[in-house]
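Peer 1: Predicted model and sequence below, questions to follow.
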Amino acid sequence: MVARLESIDLNLLVALNALLEERHVTNAGARLHIGQSAMSGVLRRLRGYFGDELLVRVGNELQLTPFAESLRPAARAAYDAASELFSAGVEFDPRTSERVFSIALSDYSLTRIGPVLMTLLRAEAPHVGISFEPTPTTFVKDPDGALLQSDILVLPVVYLPAYTSASLPVFYDDFVVAMSSAHPLARRSQLTVKDLRNAPQLHAQLGPRNQLRPLAGVDAHLALAAAPPHASVHSYLAVPDMLRQGSHWALVPRSLAESACGSDEFTVVETPFEGEGFIEHAFWHPSRQRDSGLTWLRGVLSRVREELAAPEGG
């Protein structure tokens with residue numbers, strides 16, 4: 001039996017979509033500028049309407065029920081269709097818009113993109129806001145959900161190959177080996193793979209290690225881990241400070257090594273194995289392809305790419 005729209009409060013669609021994407025009552029309320037108590041009341045109404053708990057506590061976190069998971073695609077499609085319907089004829093104007101866009105990316109990617117993007121926005125869209133957010137750790141297991149959590153998700157393209165049609169390349173980089181100048185390997189005239197395999201490595205990773213696909217051409221560095229103790233950190237920017245202790249080496253993006261490991265405290269050398277670079281893409285959910293605001297933002301990110309590719313002083 002199909003429910004009649006006349007009997008439904010369509011505000012529930014907005015709340016339902018927020019709850020399914022945020023998977024958290026407080027966060028969904030904050031997104032909609034609704035207090036936690038009021039949002040809990042909305043969740044009770046939705047539970048009564050669907051006859052399902054929708055969100056349940058498992059350990060220390062809330063998770064969607066299987067029924068709620070099944071609602072996500074339809075809820076997102078209905079939300080986007082309603083947004084498009086009521087935005088018909090309304091073009092995004094960066095000069096007057098006060099929209100806040102969300103961009104999820106690693107701290108390292110933020111240092112590459114952020115300064116250039118903010119300069120462009122200040123000149124062209126003085127009232128537009130940007131919320132830079134951490135990369136969701138679910139992007140491998142649930143890429144569709146990760147893409148729905150923000151307007152733009154910046155990742156190496158190899159992580160989301162099925163979504164390249166809804167993405168654009170932003171910048172290129174490759175890896176070098178970095179370590180403290182006090183590290184025993186820093187005295188070697190030339191490093192070998194065996195040298196690295198026998199020394200503890202500091203890994204920087206974006207999500208659960210057992211879910212990550214190696215970056216193109218860097219499969220070797222994940223296979224190097226043979227000699228403990230190793231360490232991992234979910235922050236590229238933390239790597240240089242941790243290397244100062246002198247006990248570990250790390251693969252570091254070349255641009256980060258140039259900016260953060262350029263002093264005499266560090267030794268930076270080429271990798272002893274053949275490895276390709278990686279290309280970071282800005283991804284968006286395919287359902288938002290016709291969003292005029294995101295179309296404009298994608299154009300700005302294309303110019304960020306041009307700025308990053310230009311030679312210094314050029």
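Peer 2: That came through fine. Numbering: from 1, shown residues only.

Peer 1: What residues sit buried inside stretch 143-162?
Peer 2: Using 16 or more other Cβ atoms under 10 Å as the test for burial, stretch 143-162 gives 143-160. Any C-beta I mention is one placed from the backbone N, CA and C, and that applies to glycine too.

Peer 1: which residue ranges form the helices in the stretch 201-314 of the chain?
Peer 2: For the stretch 201-314 of the chain, helices defined by DSSP state H, counting those that start in this stretch occupy the ranges 219-223, 239-243, 254-260, 292-309.

Peer 1: So, low pLDDT: which residues of the stretch 151-300 of the chain?
Peer 2: Across the stretch 151-300 of the chain, the ranges flagged by pLDDT under 70 are 206-229.

Peer 1: Can you show me the strands along it?
Peer 2: With DSSP state E, counting those that start in this stretch as the criterion, the stretch 151-300 of the chain has strands at 152-156, 167-173, 175-180, 202-204, 231-233, 249-253, 266-269, 278-283.

Peer 1: Ok, which of the helices of the stretch 201-314 of the chain comes nearest Asp173?
Peer 2: Asp173 lies closest to helix 254-260 among the helices of the stretch 201-314 of the chain, at 5.4 Å (Cβ to Cβ).

Peer 1: before we move on, the earlier item: as JSON lines, the helices of the stretch 201-314 of the chain with distance to Tyr108 and mean neighbour count would be great.
Peer 2: Formatted as JSON lines, the helices of the stretch 201-314 of the chain follow (distance: least, Cβ to Cβ, whole Å; neighbours: other Cβ atoms under 10 Å):
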{"stretch": "helix 219-223", "distance to Tyr108": "16", "mean neighbour count": "16"}
{"stretch": "helix 239-243", "distance to Tyr108": "9", "mean neighbour count": "19"}
{"stretch": "helix 254-260", "distance to Tyr108": "6", "mean neighbour count": "18"}
{"stretch": "helix 292-309", "distance to Tyr108": "13", "mean neighbour count": "17"}
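
Peer 1: List just the one of those helices that sits closest to Val116.
Peer 2: helix 292-309 (4.8 Å).

Peer 1: contact partners of the closest one?
Peer 2: Under the criterion Cβ atoms under 8 Å, 6 or more residues apart in numbering, residues 87, 90-92, 94, 97, 99, 101, 112-113, 116-117, 120-121, 124, 151-152, 168-172, 282, 284, 288 lie in contact with helix 292-309.

Peer 1: filter those to the buried ones?
Peer 2: By 16+ other Cβ under 10 Å, those give 92, 94, 97, 99, 101, 112-113, 116-117, 121, 151-152, 168, 170-171, 282, 284, 288 as buried.

Peer 1: Ser109 looks like it's in a helix, true?
Peer 2: Yes. Counting by DSSP: H, G, I helix; E, B strand; the rest coil, Ser109 is part of a helix.

Peer 1: gap between Asp80 and Arg23?
Peer 2: 19 Å (Cβ to Cβ, to the nearest Å).

Peer 1: so Asp22 makes contact with Ile34?
Peer 2: If you look again at residue 22, you'll see it is Glu, not Asp. No. At 11.9 Å, Glu22 does not count as touching Ile34 under the criterion of Cβ atoms under 8 Å.

Peer 1: what do the two both touch?
Peer 2: Ala28.

Peer 1: Tell me how far stretch 45-54 lies from the chain's centre.
Peer 2: 31 Å (Cα atoms, centre = their mean, to the nearest Å).

Peer 1: Quick one: end-to-end distance for that stretch.
Peer 2: Stretch 45-54 has an end-to-end distance of 11 Å (criterion: Cα to Cα, to the nearest Å).

Peer 1: same check, this time on stretch 144-156
Peer 2: End-to-end for stretch 144-156, by Cα to Cα: 16 Å.

Peer 1: Kindly reformat the strands of the stretch 151-300 of the chain as JSON lines containing distance to Leu301.
Peer 2: Output for these, formatted as JSON lines (distance: least, Cβ to Cβ, whole Å):
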{"stretch": "strand 152-156", "distance to Leu301": "7"}
{"stretch": "strand 167-173", "distance to Leu301": "6"}
{"stretch": "strand 175-180", "distance to Leu301": "23"}
{"stretch": "strand 202-204", "distance to Leu301": "24"}
{"stretch": "strand 231-233", "distance to Leu301": "27"}
{"stretch": "strand 249-253", "distance to Leu301": "19"}
{"stretch": "strand 266-269", "distance to Leu301": "29"}
{"stretch": "strand 278-283", "distance to Leu301": "5"}
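
Peer 1: give me the low-pLDDT residue ranges for the stretch 1-150 of the chain?
Peer 2: In the stretch 1-150 of the chain (pLDDT under 70), the answer is 1-7, 84-90.

Peer 1: Going by residue numbers, what spans are helices in it?
Peer 2: In the stretch 1-150 of the chain, the segments counted as helices under DSSP H, counting those that start in this stretch are 11-22, 25-31, 36-50, 66-86, 107-124, 143-148.

Peer 1: of all the ones you listed, which lies closest to Met242?
Peer 2: helix 107-124 (13.7 Å).
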